[in-house]
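> Take a look and give me a structure for this.
(2 chains)
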Amino acid sequence: MQPVVFIARLVGPLFVVLGIGCLVNQTIYADMIGQAILVPVLIYLSGLMAFLAGVAMLNGYHAWTVDWRIIITILGWVLVVAGIIRIVLPGAAAVAAIALYSGGYAMAIVGIIVLIIGGFLSFKGYRTAK
Amino acid sequence: MPPAVFIARIVGPVFVVIGVSILLNEPIYNAIVIESVHSPTLIYFSGLLSLPLGIAMLNVYRAWTADWRVIITALGWLLTIGGIVRIGLPQTTAVLGNAIFATAAVMPIVAVVVLILGGLLSFEGYRPAKGA
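The predicted model follows:
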């Protein structure tokens, strides 16, 4: 199995569950963000998880090809950069989270985007190879 | 090295450490459970850790064989389902966590089960291969 397909098989279902979780529990998730930004340890832990996942993904695949696999590369870099910001600048991460999720529909939009990306990656990861 | 053996080499020692740690620090672990069920963020984080781990395990090994390797498959599914429930239904998880750990005897039972599983997986993972 190609590393990029293996990554899609992991990230795809995870994103589907995250997207559905986000859409079904919008109030709880909003509370969660409100709680997380007040606890530097949680910002730090989420940064540590994001950074490790991003570095692992980029080590498995980091080509800028013009097909679906570019999503893996972009996600890897987004996780690395987000992880660095959360670890190095936890204050800035808290301010950014407040700004991002202050809109009424922000949670629903994030949920839908994550769900679509997750569904697409799951399809690419688990479909039978040609 | 077969994937099931590699997973056993990682999960086995982790479970041994967790099992021993629960037995040695039972009051602290009780406090951790109580704190966790009151924090949706911590439930979410634990789901975020267990779901990818479960999916990764099932992607490399998921056969229902009648030997020790079935533990790997069962753990993979438990982690996956546990992750889905925690991320998708955090409130249900909190209620379940409260109900399961309300009885004082549950924590030592969990510790012993985790310790035995960890010991078995460590043994199967690290024993010299036959003919080696």
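> Residue A:22 - how many residues pack around it?
Residues within reach of residue A:22, counting by other C-beta atoms under 10 Å in any protein chain shown, total 23. Quick note: C-beta positions are derived from backbone N, CA and C, even for glycine.
> Starting from residue B:128, give me the distance back to residue B:83.
As judged by C-beta to C-beta, to the nearest Å, residue B:83 and residue B:128 stand 34 Å apart.
> what does residue B:111 give?
The value you get for residue B:111 to residue B:128, if C-beta to C-beta is used, is 29 Å.
> And those two? Which one has more around it.
Each of residue B:111 and residue B:128 has its neighbours counted (other C-beta under 10 Å); residue B:111 has more, 20 against 6.
> how about the nearest residue to the more buried one, chain neighbours excluded?
Closest residue in space to residue B:111, ignoring its immediate chain neighbours: residue B:22 at 3.7 Å, by C-beta to C-beta, 6 or more residues apart in numbering or on different chains.
> For the one you found, list the residues it contacts.
B:29, B:107-108, B:110-111, B:114 (C-beta atoms under 8 Å, 6 or more residues apart in numbering or on different chains).
> Flag every buried residue along stretch A:76-87.
By neighbour count with 16 or more other C-beta atoms under 10 Å in any protein chain shown, stretch A:76-87 contains the buried residues A:76, A:79-80, A:82-83, A:85-87.
> Then stretch B:105-121?
By neighbour count on 16+ other C-beta under 10 Å, the buried set for stretch B:105-121 is B:107, B:110-111, B:114-115, B:117-118, B:120-121.
> and that stretch, average pLDDT?
The average pLDDT within stretch B:105-121 is 95.
> secondary structure element for residue A:27?
In this structure, residue A:27 sits in helix A:26-36 according to DSSP states H and E.
> swap that for residue B:104, sorry
Under the criterion DSSP H and E, no helix or strand holds residue B:104.
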